[in-house]
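# Got a predicted structure plus its sequence, pasted below:
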Amino acid sequence: MNLISFLDYASVIVFAITGALVASRAQLDLVGFVFIACLTAVGGGTIRDLLLDRNPIFWIAEPTYLGTAATAAMITFFTAHLLESRMRALIWLDSFALAVAVAAGAGVAINLEQAPVIVVLMGIVTSCMGGLMRDVVVGDVPVVLKQGELYVTAAFAGATTTVMLNSYLPDVPYPLIIGAAV
Amino acid sequence: MNLISFLDYASVIVFAITGALVASRAQLDLVGFVFIACLTAVGGGTIRDLLLDRNPIFWIAEPTYLGTAATAAMITFFTAHLLESRMRALIWLDSFALAVAVAAGAGVAINLEQAPVIVVLMGIVTSCMGGLMRDVVVGDVPVVLKQGELYVTAAFAGATTTVMLNSYLPDVPYPLIIGAAV
Amino acid sequence: MNLISFLDYASVIVFAITGALVASRAQLDLVGFVFIACLTAVGGGTIRDLLLDRNPIFWIAEPTYLGTAATAAMITFFTAHLLESRMRALIWLDSFALAVAVAAGAGVAINLEQAPVIVVLMGIVTSCMGGLMRDVVVGDVPVVLKQGELYVTAAFAGATTTVMLNSYLPDVPYPLIIGAAV
């Protein structure tokens, strides 16, 4: 398992949990939990892969991503009521997943030898689009737009850092730096 | 006209009618009816084709799908007020279209020799995404999420049945079995 | 810079302004302005490129489109409060952008030698989908559906005109005719 794969799994799990928390707030049933969790978890990466014409889509090549997301959703289904504040957990987890997803998205674009500006944009797309679709589907105004400055700035900073680091020191575990920025 | 083509047309017509009924509830005009009907009718299949990198998209290869959907929308436009309960008709038709679309979606994935889990997922995507986009665009919480257990379970059962039947008895008219499950 | 490129830039700028005006009505911050503006500006063209399997997507090939949209959004951010009626400006600009985007979208499909019906559809997709996604993301019922007759009729007329003109008189500046139709 290489670094990009590891980052992808980490962001899939955390995004799946945020999706499940949103499903919990919208009082959906178990199927709703799993659906929203999968949409949130692989949505951003799917749009990235479609835009870059990457074929096959990452979760078609490796369906364990969806299995992971579905498992995370089910665990959340049975434990969400234990959380004191689901909204606070949501924002905290979203920031974390975003930091990881930016790096994963940018890493894919770097591997495809895209221009730096596209690498930064793909980092943003991968990290923001899953959460955006999650919120639109359940009828909320997207958190990413309400707290835009925080989120997109973090994503932008993360992606730019990734690009710059990549030029000088490939294979450095950059998500830590990004996490700190968030 | 082969079996997949026939299933595709059947689900396009029924989904177009559900789209038109939703447009009717949202009090849209004729253009809105046709737009929502086409989105519902070909939306799921379009996402399936994009994800599987199937080219061209089925309705670009054969635009009569859209003509069929538009015609169904126009007929519904002039007859929707005759229905006593549009919501009940909607749920009933949705279940029927879903059963058919699952088989159509799974059939396409089988033809492309995808792994069984992807076949099942494509059945779900084809059948659920059109209705999901229909509801999101007019600002409703998706029916598929409100009645999730019914819908997705049916889709899952249908797709799994299709896969299993396909292994043993290709060319059996499986939608009947799926319809019964719904 | 050829005609299609010029039309693409013109529609990107005007759509970006409409996106920023919607962001202004939803009281988003600067990041929200830029995000919605970019989504509106390149959304329709992106869906067109995905559907036609055009690769790379136009704004990945030429990221200056996004830079243009972001700049237009920022200018709107600092000047939107000067407008007396943002809603009226929005509808007026939307019609203009739509007229231009129809021609741009149809032009791309013509270059790819698609059938006339697909050319017309791609004109409609390019022109309507950006605004549709803009409205769905901020939680409005899409303007294109509320004012459907006006919009889609204009788009349809524009695209059909473009196709017919193209058969007889390629390279005529057709957007003027379309603008008049709106």
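That came through, no problem. Numbering: from 1, shown residues only, chains lettered A, B, ... in the order given.
# quick one: is stretch A:110-126 near chain B?
No - Stretch A:110-126 lies out of reach of chain B by C-beta under 8 Å from any C-beta of the partner chain, never closer than 15.4 Å. The way it works is simple: take the backbone N, C-alpha and C, and place the C-beta from them, glycine included.
# mind listing what's buried in the helix ranked longest in chain A?
As assigned by DSSP state H, the longest helix anywhere in chain A is helix A:86-111. The neighbour-count check on helix A:86-111 (16 or more other C-beta atoms under 10 Å in any protein chain shown) flags A:86, A:90-91, A:93-110 as buried.
# Now do the helices in chain A.
A:3-25, A:30-51, A:58-61, A:64-79, A:86-111, A:116-137, A:143-146, A:148-168, A:175-181.
# Arrange those helices in TSV, one row each, with mean pLDDT and distance to C:L52 as further columns.
Output for these, formatted as TSV (pLDDT from 0 to 100; distance: least, C-beta to C-beta, whole Å):
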stretch	mean pLDDT	distance to C:L52
helix A:3-25	82	29
helix A:30-51	89	13
helix A:58-61	86	21
helix A:64-79	89	28
helix A:86-111	75	22
helix A:116-137	85	20
helix A:143-146	74	29
helix A:148-168	64	28
helix A:175-181	44	36
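# To chain C, which of those lies closest?
helix A:148-168 (3.5 Å; C-beta to the nearest C-beta).
# circling back: could I get the helices of chain A as JSON lines with distance to B:D53?
Output for these, formatted as JSON lines (distance: least, C-beta to C-beta, whole Å):
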{"stretch": "helix A:3-25", "distance to B:D53": "20"}
{"stretch": "helix A:30-51", "distance to B:D53": "9"}
{"stretch": "helix A:58-61", "distance to B:D53": "9"}
{"stretch": "helix A:64-79", "distance to B:D53": "18"}
{"stretch": "helix A:86-111", "distance to B:D53": "16"}
{"stretch": "helix A:116-137", "distance to B:D53": "18"}
{"stretch": "helix A:143-146", "distance to B:D53": "28"}
{"stretch": "helix A:148-168", "distance to B:D53": "26"}
{"stretch": "helix A:175-181", "distance to B:D53": "30"}
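# Relative to B:I124, which of those is closest?
helix A:30-51 (9.0 Å; C-beta to C-beta).
# How many residues are close by whichever residue of chain A sits closest to chain B?
Here chain A gets closest to chain B at one residue, A:V31, 3.5 Å apart by C-beta to the nearest C-beta. For A:V31, the neighbour count with other C-beta atoms under 10 Å in any protein chain shown is 21.
# Contact partners for the nearest residue to A:R48 once chain neighbours are set aside?
Of all residues not flanking A:R48 in the chain, A:T126 sits nearest, at 4.7 Å (C-beta to C-beta, 6 or more residues apart in numbering or on different chains). Taking C-beta atoms under 8 Å, 6 or more residues apart in numbering or on different chains, we find A:T126 in contact with A:G44, A:G45, A:I47, A:R48, A:A101, A:V102, A:A104, A:G105, A:A106, A:V108.
# can you rerun that using 6 Å?
A:G44, A:G45, A:R48, A:A101, A:G105 (C-beta atoms under 6 Å, 6 or more residues apart in numbering or on different chains).
# Farthest-apart pair in the residues you listed, please.
A:R48 and A:A101 (9.4 Å).
# And A:G67, how close does it get to B:G32?
As for A:G67, its distance to B:G32 is 39 Å (criterion: C-beta to C-beta, to the nearest Å).
# More neighbours: which of the two?
Using other C-beta under 10 Å, the more surrounded residue of A:G67 and B:G32 is B:G32, with 29 against 14.
# Put the alpha carbons of stretch A:69-78 into PDB.
Extracted in PDB, the C-alpha atoms of stretch A:69-78 (Å, rounded to 0.1, in the frame of the first residue of the first chain):
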ATOM      1  CA  ALA A  69     -17.100   3.500   3.800                       C
ATOM      2  CA  ALA A  70     -20.200   1.300   4.300                       C
ATOM      3  CA  THR A  71     -18.600  -0.300   7.400                       C
ATOM      4  CA  ALA A  72     -17.800   3.100   8.900                       C
ATOM      5  CA  ALA A  73     -21.400   4.200   8.200                       C
ATOM      6  CA  MET A  74     -22.800   1.200  10.000                       C
ATOM      7  CA  ILE A  75     -20.600   1.600  13.000                       C
ATOM      8  CA  THR A  76     -21.600   5.300  13.100                       C
ATOM      9  CA  PHE A  77     -25.300   4.300  12.800                       C
ATOM     10  CA  PHE A  78     -25.100   2.400  16.100                       C
END
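# and that stretch, is it in reach of chain B?
No - applying C-beta under 6 Å from any C-beta of the partner chain, one finds stretch A:69-78 separated from chain B by no less than 10.9 Å.
# List of residues touching that stretch?
A:V12, A:I13, A:A16, A:I17, A:A20, A:L30, A:F33, A:V34, A:A37, A:C38, A:A41.
# List the buried residues of it.
For stretch A:69-78, by 16+ other C-beta under 10 Å, it's A:A69, A:A70, A:A72, A:A73, A:M74, A:T76, A:F77.
# ok, now stretch A:45-56?
Result for stretch A:45-56 [16+ other C-beta under 10 Å]: buried residues A:G45, A:T46, A:I47, A:R48, A:D49, A:L50, A:L51, A:L52, A:D53, A:R54.
# Hmm, the third one is touching A:G131, no?
So that's A:I47. No - counting by C-beta atoms under 6 Å, A:I47 stays clear of A:G131, with 12.0 Å between them.
# For B:L121, find the nearest of the helices of chain A.
Of those, the one closest to B:L121 (C-beta to C-beta) turns out to be helix A:64-79, at 7.2 Å.
# Helix A:30-51 and the closest one, what's the angle between them?
Compare the direction of helix A:64-79 with that of helix A:30-51 by axes from the mean of the first three to the mean of the last three C-alpha atoms, to 10 degrees and you get 150 degrees.
# Pull the distance from helix A:64-79 to the chain's centre.
Relative to its parent chain, helix A:64-79 has a centroid offset of 15 Å by C-alpha atoms, centre = their mean, to the nearest Å.
# ok, now stretch A:123-135?
7 Å.
# Kindly report the same for stretch A:97-115.
The answer for stretch A:97-115 is 11 Å, by C-alpha atoms, centre = their mean.
# do that stretch and chain C meet?
No - interface with chain C: stretch A:97-115 contributes nothing (C-beta under 6 Å from any C-beta), its closest point being 7.1 Å away.
# circling back: drop anything exposed from the contacts of stretch A:69-78.
Judged by 16+ other C-beta under 10 Å, buried ones among these: A:V12, A:I13, A:A16, A:I17, A:A20, A:L30, A:F33, A:V34, A:A37, A:C38, A:A41.
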